[in-house]
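K.L.:
Could you work out the structure for the sequence below:
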Amino acid sequence: MATYGFYFDNERCTGCRTCSMACRDYNDTPREISFRKVYDVEGGGFEVAEDGTCTTTSFVYHISLGCQHCADPACIKACPTTAMHKDPQTDLVVVDTEKCIGCGYCAMACPYGVPTVDREAGHSVKCTGCIDRVKAGKKPICVEACPLRALDFDEIGALRKAHSGVQQIHPMPDASITRPHIIIKPSPAAASPLAAEGFIANPKEVQ
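P.N.:
All right, here's what the predicted structure looks like:
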């Protein structure tokens, strides 16, 4: 069994939302549901020296996140019907819509806020890592759509050999909670100690 994951180059991402729009188009999701979200993180300000000159400490960076297809998914643990499960071929986290009762426990448990209950359909929906494309030897649509090549997807072992990085940047949850299958190359802003003071500037968009 292969185990897949994502690589995200935070330094390359401009927050253009092409990944999110491509995902919406490919999956034909309702307006209120998005499988991939782009978080705008802002912070800092400016400092005034004794001589009256100003130095800016402001920063902004963007985080593109879908499902992390974690090694220890909280959504699977919370699911009472085993509808949320890992695909045996790819290890990607997917939903069996015939088993799902739309209780929303997966959505409440996920620290990334990934699963969503589609009330019209009557079951949970989420990023599947474009499992149909992966099984056909293709990359997820968000990866192929990114104009800056900030995203990549492969077997997690291959990604770890090809890229160095971290599993979380502010304000992502602690990686130890679910052990996400993601590698992130932080931008200078995200790697700065000031990043801890940053806030999500587009909360209504990503809620």
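K.L.:
For this structure, identify the residue most remote from the centre.
P.N.:
Distance from the C-alpha centroid of the chain, by CA atoms, centre = their mean, peaks at D51 (44.3 Å).
K.L.:
so how far is G44 from it?
P.N.:
21 Å (CB to CB, to the nearest Å). C-beta coordinates here come from the backbone N, C-alpha and C atoms, glycine included.
K.L.:
try V117
P.N.:
Remark: distance between V117 and G44 (CB to CB) = 37 Å.
K.L.:
counting contacts, what elements does the helix or strand of the chain with the lowest mean pLDDT pack onto?
P.N.:
In the chain, no helix or strand scores lower on mean pLDDT, DSSP states H and E than strand 46-48, which sits at a mean of 88. Secondary-structure packing of strand 46-48 (3 or more CB pairs under 8 Å, 6 or more residues apart in numbering; DSSP states H and E): strand 54-56.
K.L.:
what pairs with the strand it packs on, and is each one parallel or antiparallel?
P.N.:
strand 46-48 (antiparallel) (DSSP bridges).
K.L.:
which residues are in contact with the partner strand?
P.N.:
Residues outside strand 46-48 that contact it (CB atoms under 8 Å, 6 or more residues apart in numbering): C54, T55, T56, T57, S58.
K.L.:
and what of stretch 4-11?
P.N.:
Surrounding stretch 4-11, the residues in contact under the criterion CB under 8 Å, 6+ apart are 61-66, 68-69, 90-92, 129, 134, 143, 148-156, 159, 162-163, 165, 169, 180-188, 190.
K.L.:
Recalculate using a threshold of 6 Å.
P.N.:
90, 150-153, 155-156, 159, 163, 181-187, 190 (CB atoms under 6 Å, 6 or more residues apart in numbering).
K.L.:
Let me see the ranges of the helices in the protein.
P.N.:
When assigned using DSSP state H, the helices of the chain occupy the ranges 18-27, 74-78, 105-109, 131-135, 141-145, 156-162, 188-191, 203-206.
K.L.:
got a markdown table for those, with mean pLDDT too?
P.N.:
Formatted as a markdown table, the helices of the chain follow (pLDDT from 0 to 100):
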| stretch | mean pLDDT |
| --- | --- |
| helix 18-27 | 98 |
| helix 74-78 | 98 |
| helix 105-109 | 98 |
| helix 131-135 | 97 |
| helix 141-145 | 98 |
| helix 156-162 | 96 |
| helix 188-191 | 97 |
| helix 203-206 | 96 |
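K.L.:
now, of those, which is deepest in the fold?
P.N.:
The highest mean neighbour count among the helices of the chain, using mean count of other CB atoms under 10 Å, belongs to helix 141-145: a mean of 20.
K.L.:
how about it as CSV, C-alpha atoms only?
P.N.:
Extracted C-alpha coordinates of helix 141-145, given in CSV (Å, rounded to 0.1, in the frame of the first residue of the first chain):
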residue,chain,number,x,y,z
ILE,A,141,-6.3,18.9,-9.6
CYS,A,142,-5.1,21.6,-7.1
VAL,A,143,-1.5,20.6,-7.7
GLU,A,144,-1.8,20.7,-11.4
ALA,A,145,-3.7,24.0,-11.3
